Every structure is written in C-alpha cells, then in structure tokens.
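**Student:** Dropping a prediction and its sequence here:
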Amino acid sequence: MDILGVILLAFVICCAISVSMTKNLLTALVIFMSQSLAMSIIWILLESPDLAITEAAVGAGITSLLLFVTLKKIHAIDFQKKEGQPHGKDQA
Amino acid sequence: MAKIRPDYENSWWPRFLRWLESGSSALDDALLDELSSTAEEHLVEGAANASTREAHDEERRLLSIRDEKLLYDRIHRWAHSKGSRIIRWLYRITAVAICVGIIILLLNTAANLPPFGSPDNPVNNEVSQRYIEQGMQETGAVNIVAGMILDYRAFDTLGESNVLFIAACAVIILMRLPSSPDSKPTTEQLEAEADDRMYEPKNDMILQHQANFLVPLILLFGIYVIMNGHISPGGGFSGGAIMGAGLILYLNAFGFRKTERFFTFTTFRIVSLCALSFYAVSKAYSFFTGANHLDSIITTGTPGMLFSAGLIPYLNIAVGLVVCCTMYAFYTLFRKGDM
C-alpha cells in the first residue's frame, strides 16, 4: 500500500511537470486527465472515498470535457479543417 | 436642467468620448486642431490668397507626416532592437524571480504545517470529536461527511450550490447567443450550429452503441450515488457530476435534436430554481426548528435506511439536480451557445 502511494505520488508529480512542459495543448489535456485519475486513487488510499468519487467525476471527466470544448472554441484543434474534408459531411 | 456651455465641445468629457469613439492619438488631435484653426483663418481672410494658403497647408501637412513617420521609426527601432532585448530579459528575470519566490513561500508554509496524523493537530478539537462521536445519532446519517456538509454545515453547502448557479449564469451571459424575438434562429445561431456540425461527428456507430450500453448505467450509478449519499460515500455533488457526464455522453453520441426533447433552456431554469429554492426553504425550516430545540415533524429515522437522516437525502437530490443541470449547461453553452 505504501509503495503504491509513493508510485502514484511520483506519477502525479511527473504529470504536473510534463503538463507545463508540453507544447501541444491536446496532449497536455490528456496528461491532465491521467493526473486527475491518479489523484483519485490517492484519495482512496487516504481513506476519503467521497473526494475520490468527486475527483474522478469532476477532475477527470467534466473539467477535461469543458477544456476540450474550449480548445475547439478557440480553434486550437484545427487539424480536421486543414485536411479539407470535415467530419460529419455525409449527414443531412 | 444643466446649462449648456458654449465651449462644451472642448471640455474634457466630450473629448474623452471622442477619444473613446475614434481611438485617435494625441498627435492626431493636435493635427486636427491645427487644420481646423487654419480653416477658420482661411474663412476670415477670404478667397484672395487661397492658393498660397493651400500651399502653406500642404507644406505643414507634409511636415507633420514626416514628423510622425520619424517618431514611428524611432519608437519601432527601439522596440525592435534594444527595447525588445531589454523587455525579454526583464520578462525572464521577473518570471524566474516570481517562481522562486512562490516556491520558497510554499515550501516554507509546507515545512511549518503540523505533522500529518498527529493527535495534537488543531483539527483534532472538540468540534470534530463531537461530529465523530454523536454525528450519526444527531443527524441520522451513517456517512459522517454527508451529515456534516448537509446538516451541521448545510449553510455552506447552500452557498456552494449558489456559487455553481452563479457560475452558470456568468457562462450564459458570456456564451449564449442572442435569439430573435420571433423565435426564428438568427444567423449567428445558424453559424454556430453549422460550425458545431462540422467539428462534432455525428451518427458514429461505435460511439452510439457504446452510449446505448453506457449511458443508462452511468445515469443509474449517478442516481445511486445521490440517493445513497447519507449511507455510503458520495452525495449530491459527485452524483450530479456523474449524471451530467452521462448526459454529455448521450449528447455527443446522438446530437442536439435528441437531447432537446427533454432538456432545453426552460428545463434548466425550472430545475435550478426549484432545487435551489427547495434547499433554501427546507433548510430554513430545519434551522428554525432544530436550532431552537423545537419539535420537527422530520425525524432522523433509523440510521442506515434509505429514507432516514431527516432532510439529508432530499437535500442531496436538490444539490445533485443543480450540479447535473449546471454541468450539462456548461457543455452545451460552450459548444453552440444554446441548449
């Protein structure tokens, strides 16, 4: 249990550093999500399952979703447009 | 009634307004003054020496343009060579200094924190002792955290729900596209929808089958977490977030046309209003009767049962509804500026 906690804490620190080092915003977001998941396991190890559920739902789920939509809104995910054929073209 | 001054045009307020509207620099203002004064002179002296006047004006105009260009060059040369280097160095040095300062401050604070889990810590006082020893008896909630945040500290939780609601209001103010009075979609709305359709692939078979399987499970789990908030870990906030995530998954898989059948802007308004006002009214009743040692008709019941712990399950439902609606509203407002 103790070793798992140390590994998870090291993982969280690695994620936190690499989020600030990443140039690509999409990659940074995915790293942020994994950091949130590791954090929720740490909350379970610290015997606070309430916080673990909230961290998993809000930190890894909703926050990342909102950040994804924000990236779309500020046109940071523009690779589909560059290819010249946007998705969902076949629908009415 | 205020007297209209003859030099109203030159007083500071209209000049400020003019500056605000045109955004002209002081140089332009000076140029404008010069030109208008020469024009007046021109009027007074008549058209006799009009050609010389015009030549003079032309000369002055060229002079002022040259002055402006010189100034522009000087500023930009400074900004491009020396200035940019100075600013870059200043920027780096300030960034490093601020980072080091914050790191020292935080490490110092962390070093002075009381040791983890020590019995002499300030958190281990008579308040937490009472919560732990008599919490279940007084609130009827097996989950002490739910008893704390929805009974002892219920006023804080009301504030938190309101903060979430205010955040949703702010997002609506910023992101919602204005609709026309005759309920027809405006061009902005149509553009946003077209943009949304371009970026979000719909009719995705894999996603739809996944969603068919997962969305009921996620919603059921969310309801379970909310309803069992006073028995097992969980509660209104986490359960509401789970349900909101399920709704967002459903929206991503099947598009706005399906979700609009059960969730529109009116739904959001009604649910938020009802949940928040129910919370406020029921907590007011609970505070009045409980805090004054009056008899309340809402009893704590048998701890561990689903319908026990007084008002806590109902308050959990109210908080869960507000959180679920707010999360979903955030997502839809970010995506196309409406629900």
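**Tutor:** Great, that's in hand.
**Student:** alpha carbons only for contacts and neighbour counts from here, please
**Tutor:** OK.
**Student:** what number of residues lie near the residue lying closest to B:Pro233 once chain neighbours are set aside?
**Tutor:** Distances taken as CA to CA, 6 or more residues apart in numbering or on different chains place A:Asp50 nearest to B:Pro233, at 4.9 Å, with adjacent residues excluded. Using other CA atoms under 10 Å in any protein chain shown, A:Asp50 has 21 other residues around it.
**Student:** CA-only coordinates of the helix or strand hosting A:Asp50 in CSV, if you can.
**Tutor:** A:Asp50 belongs to helix A:49-54 when assigned by DSSP states H and E. C-alpha atoms of helix A:49-54 as CSV (Å, rounded to 0.1, in the frame of the first residue of the first chain):
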residue,chain,number,x,y,z
PRO,A,49,-13.8,7.9,-0.9
ASP,A,50,-16.2,10.9,-1.1
LEU,A,51,-13.4,13.0,-2.5
ALA,A,52,-12.2,10.2,-4.8
ILE,A,53,-15.6,9.9,-6.5
THR,A,54,-15.8,13.7,-6.9
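**Student:** show me where pLDDT drops low in chain A?
**Tutor:** Flagging of chain A using pLDDT under 70 yields the residue ranges A:1, A:78-92.
**Student:** so who does the residue nearest the centre of it touch?
**Tutor:** Nearest residue to the geometric centre of chain A (CA atoms, centre = their mean): A:Met33, 1.9 Å. By CA atoms under 8 Å, 6 or more residues apart in numbering or on different chains, A:Met33 lies in contact with A:59-61, A:64.
**Student:** Show me which of these is closest to B:Phe268.
**Tutor:** Nearest to B:Phe268, judged by CA to CA, of the contacts of A:Met33 is A:Gly61 at 20.8 Å.
**Student:** Pretty sure the closest one sits against B:Met243.
**Tutor:** No. In this structure A:Gly61 lies outside contact range of B:Met243 using CA atoms under 8 Å: 11.1 Å.
**Student:** These two: which has the busier surroundings?
**Tutor:** Neighbour count, other CA under 10 Å: between A:Gly61 and B:Met243, B:Met243 has more, with 31 against 20.
**Student:** For that one, give me its contacts.
**Tutor:** B:218-219, B:221-223, B:324.
**Student:** For ChimeraX, write a command that selects the buried ones of those residues.
**Tutor:** In ChimeraX, this line selects whichever of these come out buried by 16 or more other CA atoms under 10 Å in any protein chain shown:
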select /B:218,219,221,222,223,324
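**Student:** any chance of the contacts of B:Met243 in a markdown table, plus pLDDT?
**Tutor:** A markdown table is the format used below for these (pLDDT from 0 to 100):
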| residue | pLDDT |
| --- | --- |
| B:Ile218 | 91 |
| B:Leu219 | 91 |
| B:Phe221 | 91 |
| B:Gly222 | 90 |
| B:Ile223 | 90 |
| B:Cys324 | 89 |
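**Student:** Which of the contacts of B:Met243 fall within helices?
**Tutor:** Of those, the ones assigned to helices by DSSP state H are B:218-219, B:221-223, B:324.
**Student:** Can you lay out those residues as CSV showing distance to B:Met205?
**Tutor:** Output for these, formatted as CSV (distance: CA to CA, whole Å):
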residue, distance to B:Met205
B:Ile218, 19
B:Leu219, 21
B:Phe221, 24
B:Gly222, 25
B:Ile223, 27
B:Cys324, 26
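**Student:** what does stretch A:8-25 rub up against?
**Tutor:** Contacts of stretch A:8-25 (CA under 8 Å, 6+ apart): A:28-29, A:31-32, A:34-35, A:38-39, A:42, A:71, A:76.
**Student:** Of all the residues in that stretch, which ones are buried?
**Tutor:** Neighbour counts over stretch A:8-25 (16+ other CA under 10 Å) mark A:8-9, A:11-12, A:15-16, A:19, A:25 as buried.
**Student:** What's the mean pLDDT across stretch B:225-241?
**Tutor:** The average pLDDT for stretch B:225-241 rounds to 84.
**Student:** where does B:His230 land in three-state SS?
**Tutor:** Recorded secondary structure, B:His230: coil (DSSP: H, G, I helix; E, B strand; the rest coil).
**Student:** my read: it touches B:Met148, true?
**Tutor:** No. Assessed by CA under 8 Å, B:His230 is found out of contact with B:Met148, at 10.2 Å.
**Student:** out of these two, which sits in the more crowded spot?
**Tutor:** Between B:His230 and B:Met148, counted using other CA under 10 Å, the more crowded position is B:His230 (31 against 19).
**Student:** contacting residues for the more buried one?
**Tutor:** With contact set as CA under 8 Å, 6+ apart, B:His230 has these partners: B:141-144, B:146-147, B:309, B:312-313.
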